[in-house]
Each structure stands twice: as structure tokens, then as C-alpha cells.
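Undergrad: Let me see the structure of the following:
(one chain, ligands or ions: 1)
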Amino acid sequence: MIHKNIWIVAEHHQDIIQPVTKQLITKANQIKENKKVIVVLFQTKEQTLEQQLINYGPDEIITVCDDRLKEAPDSLIADLLSQLNHKYQPNSMLFGATVIGRSISARLQAKLLTGLTADCLDLKFEDDLLIQIKPSYGDNIMCEIVCPNNFPQMATVRPNVFIATETQSNDTKITIVDDLNFKESKRITVYEEIPLLSKSDSIANADRVIALGRGISGEEHILKANLLATKLGAKIGVTRPLTDLPPFSVDDQIGQSGSSIAPKLLITLGVHGAVQFTSGITKSHYIVAINNNPKAPIFDVADYSYIGDAKTFVEALLKLIQ
Ligand SMILES: Cc1cc2nc3c(=O)[nH]c(=O)nc-3n(C[C@H](O)[C@H](O)[C@H](O)COP(=O)(O)OP(=O)(O)OC[C@H]3O[C@@H](n4cnc5c(N)ncnc54)[C@H](O)[C@@H]3O)c2cc1C
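TA: Numbering: from 1, shown residues only. Model prediction:
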């Protein structure tokens, strides 16, 4: 079926399919209408990562199993995807907006001379047209981008803007492709693989998060908030102004230009609630907001509110749970 299928390019590290791939499968299943959701999986012969994908109910997995993929640079993966695209002609191709997803998708888009929307926060279809929704104009508006004249329609999507849901379905078709042309490129030799512990992954996947804003900056208060986080088993995230303060960096930032989080419990301390921050916390289950300004917009999204001094609140809570 030409231009009818939604492709998701699977990302995996150390034999683990990344959460963004599962999130994209769930989202694609929700919006697919009459299209099929197909995951493209590149793996070595000893890897068997299909089951981790089947749990999320794609209609089909197209897998390329080849030991040359172990050391494949992003340019080779883009070339293989280009060959697959010419063979199957999908409607759209989705990637995680990760370092790898961004690198491969941009290379592929240049080869295929089609459009690519980076960093989408939402997707929907109008018939076969993929509506790619992302912030624009300094993140002040959400705009809808379409690519009506070229296929595939390509987008990268920020991790954690969708929730991955496992399904019971067991009828995923597996298609093995073994006739691709691997262009010789021996530019990379992998000697060892060490997992990179990214702080942004850890707040994005944390069950409990304490978010610090400008209303609680100051070394002593940050130390106390850290102590509270340790006691609650929470990770610390920050608003953008605090990324300029040691020990924080952009890796710790929550919001539109930082990480989207989905914890069961989020406590915000001295956070105003600018839309650029709140757009990254919409998937939180319970939000407890502490701010000394009763008109702070953070209270509009909070389940529980405390109007008062965030430092006093932290000290009182520390006494309660010691
Ligand atoms: C293009 C763009 C992208 C952006 N992306 C992001 C992003 O991803 N994430 C992000 O966070 N921001 C982002 N911003 C910045 C955002 O607009 C806000 O400026 C920022 O979120 C404000 O951070 P804040 O709430 O810590 O600080 P402030 O706005 O200064 O708010 C501090 C709050 O603390 C309260 N307060 C003060 N003292 C106390 C106290 N003792 N106890 C309790 N409360 C107190 C104040 O009442 C106030 O509400 C972006 C901005 C732009 C233009």
C-alpha cells in the first residue's frame, strides 16, 4: 500500500528499546485511522528485540538483522532507511527527538527531499495528511506544520509527550528484509559500550520530582530541598533561570525547552508557572505547588496548593518526615 503506513524508527541502547519508541507506537495506534503502524528495527543477528515492541501492538515490524549494524554510523542507517522507503513508500516516518533520532532523520530527509518537522509535541492525521504540532515564535504559539506534496512526511517527537501503553494484541506481522545494500563505511570501530547516565532521562522517567524555581534559589535552600528529595526518593528538576546556577544545567530543566516529565508526584517550590514550564508537567498525576503569591499561575494546574514561603514549607516537611 503506497503512502498508507506510519513508520516508527525504533531506537535501542544496550538491548533495551527506548521509551520514546514505545510512546510513538501507542500514539500512532491512536491516530492511525485506516493506516498500519509499522516499526522499523535495525539489529544485529544475536539481538531479538521484537518482543519488546510487540507488547505495544504495532501492526508490523520490518526488521533488518545484520552484524554490520553493530558499528553502523547514522549515515549508513539513513541510507538503509532510504532504500526501505523506496521499496515500501510509507506515508510518514516518526523518530524520537533524541540525539540519534535527530541525526538520522535529518540525513534521511536530505536524501529523500521531503519535509522534516523537528521536536513535535503532538501529532494527528487529517485523512493522509500528518499534522505536526510544535511550539514556534520563541515557543509562544503552537503551530501546525504539514508537508502535503512530498512523502514520507517526517517528524521527530519529544520523549515523554505521549504515554506508552502495553496492549494484549499478539498479531504483529514480522517482515525480515535482507536484500539491502550496505555501503562500505568503516569509519567507526566500537571497542566497548558504556551506558551514559543522562540526568534528563532520570527526571523524565522519575516517579517523584521536586521542581525548584527562582523562589527557592540560594545554596542553603537548595541543600535542604536536596535532603527532602532524598527522603522522598525524588529527583530534583529546575525552571530555566536555575540552570545558570551550579550545580544545575540544562539537563535538569523541566519544560518546553527542557524535559517533559510524568511523575506520580510533583512538588513545585517557588515556581511561578510560566506556560513554558507548565507545558512540561501536564502528564504529572499529582501536583503540589508552593508559592507565596496567591495569583501565581502554577496554582491553576496544581492539585494541592500552599500559599506561603517555600523555604519554611521545606523545613516543616523535613521535620515531619525525619
Ligand atoms: C522560548 C522560551 C523557552 C522557555 N523554556 C522554558 C523551559 O523549558 N522551562 C522553564 O522553566 N522556563 C522556560 N522559559 C522561561 C519561562 O518563561 C519563565 O521565565 C521561567 O519558567 C520562570 O522561572 P521561575 O518560575 O523559577 O521564576 P520566576 O518567574 O521568577 O518565579 C518565581 C516565583 O517564585 C515565587 N516566590 C518568590 N519567593 C518565594 C518564596 N520565598 N516562597 C515561595 N514562592 C516564592 C514568586 O512569587 C514567583 O511566582 C522559557 C522562556 C522562553 C522565552
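
Undergrad: From here on, just use CA atoms for contacts and neighbour counts.
TA: Noted.

Undergrad: can you map out the helices along the stretch 151-300 of the chain?
TA: Remark: helices assigned in the stretch 151-300 of the chain by DSSP state H, counting those that start in this stretch are 199-204, 219-232, 275-278, 298-301.

Undergrad: and these as JSON lines, adding mean pLDDT?
TA: Output for the helices of the stretch 151-300 of the chain, formatted as JSON lines (pLDDT from 0 to 100):
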{"stretch": "helix 199-204", "mean pLDDT": "72"}
{"stretch": "helix 219-232", "mean pLDDT": "92"}
{"stretch": "helix 275-278", "mean pLDDT": "92"}
{"stretch": "helix 298-301", "mean pLDDT": "96"}
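
Undergrad: what's the closest of those to the ligand?
TA: helix 275-278 (4.1 Å; CA to the nearest ligand atom).

Undergrad: Give me the contact list for that closest one.
TA: Asp139, Thr239, Ile254, Gly255, Gln256, Ser257, Ile298, Val301 (CA atoms under 8 Å, 6 or more residues apart in numbering).

Undergrad: Let me see the ranges of the strands in the stretch 1-150 of the chain.
TA: 5-9, 12-13, 16-17, 36-43, 60-65, 92-96, 116-120, 122-126, 129-136, 141-145 (DSSP state E, counting those that start in this stretch).

Undergrad: now the angle between strand 92-96 and the fourth one, please.
TA: Read that as strand 36-43. If you take axes from the mean of the first three to the mean of the last three CA atoms, to 10 degrees, strand 36-43 sits at 50 degrees to strand 92-96.

Undergrad: would you turn the helices of the stretch 151-300 of the chain into TSV with distance to the ligand and mean neighbour count?
TA: Output for the helices of the stretch 151-300 of the chain, formatted as TSV (distance: least, CA to the nearest ligand atom, whole Å; neighbours: other CA atoms under 10 Å):
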stretch	distance to the ligand	mean neighbour count
helix 199-204	12	20
helix 219-232	10	16
helix 275-278	4	19
helix 298-301	8	18
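
Undergrad: mind putting those helices in CSV, distance to His13 included?
TA: Shown next, in CSV, are the helices of the stretch 151-300 of the chain (distance: least, CA to CA, whole Å):
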stretch, distance to His13
helix 199-204, 13
helix 219-232, 28
helix 275-278, 29
helix 298-301, 35
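
Undergrad: Nearest to Gln47, out of those?
TA: With CA to CA as the measure, helix 199-204 is the member of the helices of the stretch 151-300 of the chain nearest Gln47 (23.9 Å).

Undergrad: Surely Gly233 is in contact with Arg208?
TA: Yes - using CA atoms under 8 Å, Gly233 is in contact with Arg208, at 6.9 Å.
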